[in-house]
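# Any chance you could fold what I've pasted below:
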Amino acid sequence: MTAPVLTLIGKPGCHLCDDARDVVTAVLAEIATASGPAVVLEEKSILDDAALHERFVEEIPVVLINGAVHNYWRIDPVRLKTAILEAQ
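Purely as a prediction, here's the structure:
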């Protein structure tokens, strides 16, 4: 079983990005005790990647699971947890 990859795309100084990071961190801490591979967390800034900036500038924060968009703007912790567990 391969560990799911969760990518949080945002930028510094973005309050919604900070809120999303808090939700992601809390969900990952909650499922860390569950069986299965640990989730790989990546954070990317649209300021460091022109392609990400072009694609997501109006939608940050964006959460991807295994490269597919899970959600953007406000991240629901229950929905995120369910999606991560299904990806394991």
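# what's the neighbour count on Val5?
Neighbour count of Val5, defined by other Cβ atoms under 10 Å: 14. In this view, the C-beta of every residue, glycine as well, is placed from N, C-alpha and C.
# correct me, but it touches Lys44?
No - here Val5 does not reach Lys44: they are 11.6 Å apart, not a contact under Cβ atoms under 8 Å.
# Which stretches in this protein count as helices?
In the chain, the helices defined using DSSP state H lie at 15-31, 50-56, 77-87.
# Could you dump these into JSON lines with mean pLDDT added?
Listed next are the helices of the chain as JSON lines, based on pLDDT from 0 to 100:
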{"stretch": "helix 15-31", "mean pLDDT": "95"}
{"stretch": "helix 50-56", "mean pLDDT": "96"}
{"stretch": "helix 77-87", "mean pLDDT": "94"}
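# Can you add distance to Leu64 and mean neighbour count and give these back as CSV?
Below are the helices of the chain laid out as CSV (distance: least, Cβ to Cβ, whole Å; neighbours: other Cβ atoms under 10 Å):
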stretch, distance to Leu64, mean neighbour count
helix 15-31, 11, 16
helix 50-56, 10, 13
helix 77-87, 11, 15
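# Would you mind giving those as JSON lines with distance to Ile65 added?
Listed next are the helices of the chain as JSON lines, based on distance: least, Cβ to Cβ, whole Å:
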{"stretch": "helix 15-31", "distance to Ile65": "11"}
{"stretch": "helix 50-56", "distance to Ile65": "15"}
{"stretch": "helix 77-87", "distance to Ile65": "5"}
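# wait, which of those is closest to Ile9?
Set against Ile9 and scored by Cβ to Cβ, those come closest in helix 50-56, at 5.6 Å.
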